[in-house]
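*Asks:* build the 3D model from these lines:
(2 chains)
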Amino acid sequence: MKDHPHVHAVGRRLFLRGAGGALLALPILPSLLRSKAALAQTAQASKCFVHFRTPHGGIATSNMWPADAALTDTLAYTHDLRRGALTASAQGGNSVISSVLTASSSVLTPSLVAKMNILRGLDIPIAMAHNFGAPLGYYDVDHQTPAQPTATIDQVLAYSPSFYPALGSVKRRSVVIGAPGSNSGSHGYLTPGVRSSGVSTSPVASTESAQALFDSLLAGATSSAPAATPRTPVVDRVLDSYKRLRNGSRRLSAADKLRLDQHIAAVAELQRSLTTSVAAGCQVPARPTPDNLSLRPMDGVPEKNVQFFSMMNQILAVAMNCGATRVATFSIDENNQALTFTPRPAQGEDWHNNVAHAAAKTADGQDLVRQFNQVFFARVYLDLVSRLDAFSDGMGGTLLDHSLVVWGQECGQVTHWAFSMPVVTAGSAGGALKTGSYCDYRNLSHQWGGDSGTGNESKLIWTGLVYNQWLSTVMLAMGVPHAEWADQNHPGFGARVSFPSDFFAYSPGTPKTTDVYTDAMWQKTGEILPFLSPS
Amino acid sequence: VITGPGQGGAAPASSGSGVAATAGGPVTGGAGGSSATKGPDAPASPLFACDASAQPAELPLPRLSRVELGNTLRFAIQLALPAEADAIWAQVSAQFDRYPVDERTPAPGDLKGGYSRFDQSIQQSQIEAVYRTGTAIAQQLTATPARIGALLGACATDAITTNDRACLEAFVTRWAARVTRQKLSADDVTYYADIAGTTPVAAAAVADVIATVLDAPETLYRIEHGTEDAQPVSALSAFELAARLSYNFWQEPPDDALWAAADDGSLLTAAGYDAQLTRILQSPKLRQSIDEWVTEWLRLEELPPLDTLSADPAFRAFAGAQLPTATARDAMIADVLDSAWAAVASGGSASAFLGDRRSYARDPYLAGLYQVAPWDGSAAAPTFPSPLRSGLLTRAALLATGTTGTRPIHKGYLVRNALLCQQVGAPPPNADTKTPVASGQQTTRQAATAKTSGGVCGACHTAIINPPGFITESFDALGRERTEEKLFDAQGNVVASLPIDTSAVPAVQPGDSRSMSTATELTHAVDTSGLFHSCLGRHYFRFAQARVEDPAQDGCLLSKLESAARSNAPLTDVMKAVARDATFTAKRFQ
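*Replies:* Predicted coordinates:
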């Protein structure tokens, strides 16, 4: 186990206590757990999923990706795909995969690199522009409601009976972290878990308070003495009051009743949560005081920006180890949260207008975008990854091994465009994914026509596989079968979108969208992405 | 050519407007008729028309907004223990702080035209936060025998136990009815009182009753059953109507007088309804909803912090002695809101708000920018000394940027989109949205022109977006008047001082080719076009109905709002039009 400055090594016993209620009821003996069957059962029960979304994208090829020479293997698929072993070189005190994917050698160790993947060449074939939900599967083009709203992968997981076969010590099915009142990018079904109820076009509300996170996931670890005369829990009364109205004789419209059903489902979930205790023996840290919100104002102060998230990472990692939740998303936005991980303030929409959109054209803009993302990667993303990796599963692995921690971005290498949406992962989801690869899914015979408005970087775009296949890969890795999420128009996850056939960016002589994102490609969206299947 | 927004870009019934522009495409449609054949100051044709057969949509099971819910919980505490209400709220407010903020979602075809009231989502985090808040309030209200006594009366603290159940039922009848905005039936009272169990006035028992009431569907939603079970559109009951009135205009439950009018039935008479409506609109409690409406309509929250760059040499040199304070942003927003409230409270019209030339700067910093004395909040507000400061368009909140440079594109879009309700579509995906910055020998205007005049950009920017923003270039990025634009290097040295050009053809109405160079002229054109008034009506519709209009189905109410606004009736008459419409006094069951 690696020595991490912020975390304490936690042993197998605690890990198992958080591994699911079904397991907690069993007399667990280490000798049994060492069997392959027991390991598989444990791993299945304790998979965790975390997704970080950062704004804009816009990271130039030269800053984001390792050199092409790293791609040593070729695979014939719908087109020729490439991969290579993921490696980091030592430069000074740093480990360097690429300019952005650079971190202290004490954090980005060879062992950790071997648990990561970097995926290039995953496209959302639509003029995406700005969005909040696209990396999670909600293709909200230009912040508008999608033509086909889709519940995001985190929310499908949160209410999946396959992912959560037993809720045990789960206090929250998922946590959504982001600026309150801003778009979290996470969307669920109107009635949670009920696909037929339709997708909510309102995003799931988010929080960014470390104290709120603590209170919802870890508070109450020490159980209080039962009341002398137990009373019926108020939540039961509340639930009954909704059912009384819903099923009463007074007139309500069908739409009214549908909303009451949604509320009843949420109260029932609250009822479940209130009767769930943090696993006994879970080593809960002290409630963060003061809250991370007290770090504000912090626009233009990178150390505070990092600390802001680190305080939440600490709680989240413990909560996942204790089994208090298994799904989390972070929606990071420089404008809504007033932070940039650089000394350059966001200043409202100033960063958006004058940095992110200048990133493909000016060296200053690109360098600021690089700084933002490098600091995020090294100090926020890897901070959580390292914390999860510090929790032993008692079987020679770590909590990270049972998890999938993803960094996704709003756009690809040119902001507004969803070509080569970068995906960085850590963890194998309990062995469901092969790790240690740099995968390039681009089709090098399909160079994009580009557009003249976004600088030279737009000339470095080749189309690849559709992003939906990555979303499917996540679901399959998490153990959720196709039946719970496959789209009606293709075997994969999410909406089948397409550019108009005469889309202006395809200049004469370049392939048309239907020639690039072919039916054959869409028919493969239900498969685990090439190079990632362990078999 | 520009369009009005609509449900999914649908055309208003009478205007012939086309669909909203698609990203990067040409902008099509009309905006209520050309002025070319009617004279430059003739108003545009009305945008809305009434189709008597239309069936307006009904918002199903409206959830109280976060503001409304907070007010309701405070009302419940105040009703229970008035002497300790503030102290109790202070004890529980941290729980309520966890209640999610309602998110502003875009209106179809109008990215920034939504309201937080549109957020009708039902969230797990809402349910949890209100549950915790409700139980915390219940614990506070029953924390001591003295509080139990104050809540329930002496019957709860005397030595007699046979009256305990009746004591609790009396409290439920009195308190829960007001909190849930309904007359409780005997069954309802029994239902709540039964929660207490065999010890009706014990603290834990009463707390359970209170917490359940505070979390009840009738508390968190506006539950409306109507009065005519067989009809698809049913008149509301007096109490349902009272709740609609109080929440729409005050964002809180009915007060004593409104409750009494519902209870004695007078609210269901024409005279009684009008009396209550008039009283509601004359109350200071109207202010909260006006502030929310105007803030979101004019997107005042987009004004960035003004002191972020206070350490930047160029910004310091630009600001000079008027370096923004930490409160400058709030002061600028308050100036707009005070102006709106002044118009509402004084019987002013839409035009009065648009052309209000008084300063409401209570903050010395903002007053200094306006070159007036700070307003004391009660005396007559001072008038802007400069004739160029024509009213709303020249208030600092609509001009300031927090940087050294103005943003004429942003200003122009605000006029076009928020004040005139004209849609120009989203920029194409490959648009370079880097803010044009003055440099070398180029003013901000020149930089903006150079950046946006070519290619696909020019189609929207040259004639539609930029011109209204150019006209207010006689004000700098703090909202101060200027005749020249100073350019600074990174060290704060002046490197150029360039003359300002404010002439432009704003084409407030299609076909109006008049060139203008002052905000006064622009304000006049916006005012006389009638489009500002139509836009105000449209936005008040959205705010009041908590949904996006469908001109085909909502034309009757929209045309009433438009007509009231264009007639320069008091703004309260525009609001009355909502409350007097059939869609307000009845519910469509769908």
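
*Asks:* residues from the stretch 301-450 of chain B in reach of chain A?
*Replies:* Within the stretch 301-450 of chain B, the positions adjacent to chain A are B:302, B:304-305, B:308-309, B:402-403, B:426, B:428-435, B:437 by Cβ under 8 Å from any Cβ of the partner chain. C-beta here means a position set from N, CA and C on the backbone, and glycine is covered the same way.

*Asks:* among those, which are in strands?
*Replies:* In strands, defined here by DSSP state E, there are no members of these.

*Asks:* Produce a ChimeraX select command limited to the buried residues of these.
*Replies:* In ChimeraX, this line selects whichever of these come out buried by 16 or more other Cβ atoms under 10 Å in any protein chain shown:
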select /B:304,305,308,309,402,403,426,428,429,430,431,432,433,434,435,437
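
*Asks:* would you mind naming what in the stretch 151-300 of chain B lies close to chain A?
*Replies:* Selection of the stretch 151-300 of chain B residues close to chain A by Cβ under 8 Å from any Cβ yields B:191, B:195, B:197, B:204-205, B:208, B:211-212, B:215-218, B:220-221, B:223, B:225-226, B:229, B:234.

*Asks:* swap the cut-off to 7 Å and go again
*Replies:* Residues of the stretch 151-300 of chain B lying near chain A by Cβ under 7 Å from any Cβ of the partner chain: B:195, B:204, B:208, B:211-212, B:215-217, B:225-226, B:229.

*Asks:* can these go into a markdown table with extra columns for pLDDT, distance to residue B:512 and secondary structure?
*Replies:* As requested, these are exported to a markdown table (pLDDT from 0 to 100; distance: Cβ to Cβ, whole Å; DSSP: H, G, I helix; E, B strand; the rest coil):
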| residue | pLDDT | distance to residue B:512 | secondary structure |
| --- | --- | --- | --- |
| B:195 | 98 | 66 | helix |
| B:204 | 97 | 71 | helix |
| B:208 | 98 | 66 | helix |
| B:211 | 98 | 61 | helix |
| B:212 | 98 | 61 | helix |
| B:215 | 98 | 56 | coil |
| B:216 | 98 | 55 | coil |
| B:217 | 98 | 52 | helix |
| B:225 | 97 | 51 | coil |
| B:226 | 97 | 48 | coil |
| B:229 | 87 | 54 | coil |
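
*Asks:* show me which of those is closest to residue A:400.
*Replies:* Distances from residue A:400 to these, taken as Cβ to Cβ, are shortest for residue B:215 (39.6 Å).

*Asks:* any stretches of the stretch 151-300 of chain B with poor pLDDT?
*Replies:* Across the stretch 151-300 of chain B, nothing is flagged by pLDDT under 70.

*Asks:* regarding residue A:424, what is its secondary structure?
*Replies:* strand (DSSP: H, G, I helix; E, B strand; the rest coil).

*Asks:* what about it, how many neighbours?
*Replies:* Per other Cβ atoms under 10 Å in any protein chain shown, the neighbour tally for residue A:424 reads 22.

*Asks:* hmm, it is touching residue A:409, no?
*Replies:* No - Residue A:424 lies out of contact with residue A:409 (Cβ atoms under 7 Å); the separation is 9.1 Å.

*Asks:* what sits against residue A:404?
*Replies:* Residue A:404 makes contacts with A:49, A:425, A:427, A:429, A:474, A:477-478, as judged by Cβ atoms under 7 Å, 6 or more residues apart in numbering or on different chains.

*Asks:* not counting sequence-adjacent ones, nearest residue to it?
*Replies:* Distance criterion Cβ to Cβ, 6 or more residues apart in numbering or on different chains; nearest residue to residue A:404, sequence neighbours excluded, is residue A:429 at 4.3 Å.

*Asks:* measure that neighbour to residue A:368 for me?
*Replies:* The gap separating residue A:429 from residue A:368 is 34 Å, by Cβ to Cβ, to the nearest Å.

*Asks:* what do you get for residue A:203?
*Replies:* According to Cβ to Cβ, residue A:203 and residue A:368 sit 27 Å apart.

*Asks:* the more surrounded of the two?
*Replies:* The neighbour comparison of residue A:203 against residue A:368 (other Cβ under 10 Å) goes to residue A:203, with 27 against 23.

*Asks:* ok, which stretches of the stretch 251-400 of chain A are strands?
*Replies:* With DSSP state E, counting those that start in this stretch, the ranges of strands along the stretch 251-400 of chain A come out as A:327-331.

*Asks:* contact residues of it facing chain B?
*Replies:* By Cβ under 7 Å from any Cβ, the residues of the stretch 251-400 of chain A that approach chain B are A:251-253, A:255-256, A:259-260, A:262-263, A:266-267, A:269-270, A:299, A:345, A:347-348, A:350, A:353-354, A:357-358.

*Asks:* tell me the buried residues in stretch A:284-292?
*Replies:* Those would be A:284, A:288, A:291-292, for stretch A:284-292 by 16+ other Cβ under 10 Å.
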